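Enquirer: Fold the following and give me the result.
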Amino acid sequence: MSQEWNLRSRGHVCSLCQQPLVDRAPVVSALRETAGGYDRYDCHPDCWKSAARDWTAFSQWDGVYFAPVKEEKKEPLKKEDAGELLRKLMTLDDPAMKNVVYVLAVMLERAKILVERDAKELDDGTIRRVYEDRKQGDTFVILDPRIRLENLGEVQQQVVALLSGTKTLGEVAKEEDCAAGSQPEG
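Expert: Numbering: from 1, shown residues only. Prediction:
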């Protein structure tokens, strides 16, 4: 699969019976790998158990469905900016930004905004981590680039520069391309 990461939003109806999901009720979520990316399924537990499937889930987890809530005020914290930046980077699907995407995901996990639901090592040795946004329910499938410790400070500086607006995405992507060209992979 050529995609380095992927984003899927939480459904608000059962993917199998098409009935609405109930606020604060159990839900089974699963990702199915397809040629074009991942399909997300959000289902009532009984529907999931009784459904006949001719496929195996890439990742599956039990959770609680939270109905969307319109928030009156927006927190003026960098945490929210980091979430918006992560979503923007995921839609761009730029391989040069894989380190920045991964560091943002880890930052949001440490801030308890994202929760890691699964990690899968694929046949080619890459690891894809499945994160879920605790409030919005969006799922992120992110490549773990296995950043070396000596390179982590540089990636963190890039993330800070993007969040503060002192660098553009293009400038950071160019830095990543230059760094990848001058250092051996591994």
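
Enquirer: hey, let's count contacts and neighbours off CA atoms from now on
Expert: Fine.

Enquirer: in the chain, which ranges drop under the pLDDT threshold?
Expert: 1-7, 71-80, 176-186 (pLDDT under 70).

Enquirer: Strands along that one, start to end?
Expert: 5-8, 26-34, 37-43, 59-64, 114-121, 127-133, 139-144 (DSSP state E).

Enquirer: Just send these back as a markdown table, with distance to residue 106 and mean neighbour count too.
Expert: Shown next, in a markdown table, are these (distance: least, C-alpha to C-alpha, whole Å; neighbours: other C-alpha atoms under 10 Å):
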| stretch | distance to residue 106 | mean neighbour count |
| --- | --- | --- |
| strand 5-8 | 14 | 20 |
| strand 26-34 | 21 | 19 |
| strand 37-43 | 21 | 21 |
| strand 59-64 | 19 | 16 |
| strand 114-121 | 8 | 17 |
| strand 127-133 | 10 | 21 |
| strand 139-144 | 10 | 23 |
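
Enquirer: can you put those in JSON lines and add distance to residue 99?
Expert: Shown next, in JSON lines, are the strands of the chain (distance: least, C-alpha to C-alpha, whole Å):
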{"stretch": "strand 5-8", "distance to residue 99": "11"}
{"stretch": "strand 26-34", "distance to residue 99": "23"}
{"stretch": "strand 37-43", "distance to residue 99": "20"}
{"stretch": "strand 59-64", "distance to residue 99": "22"}
{"stretch": "strand 114-121", "distance to residue 99": "17"}
{"stretch": "strand 127-133", "distance to residue 99": "13"}
{"stretch": "strand 139-144", "distance to residue 99": "8"}
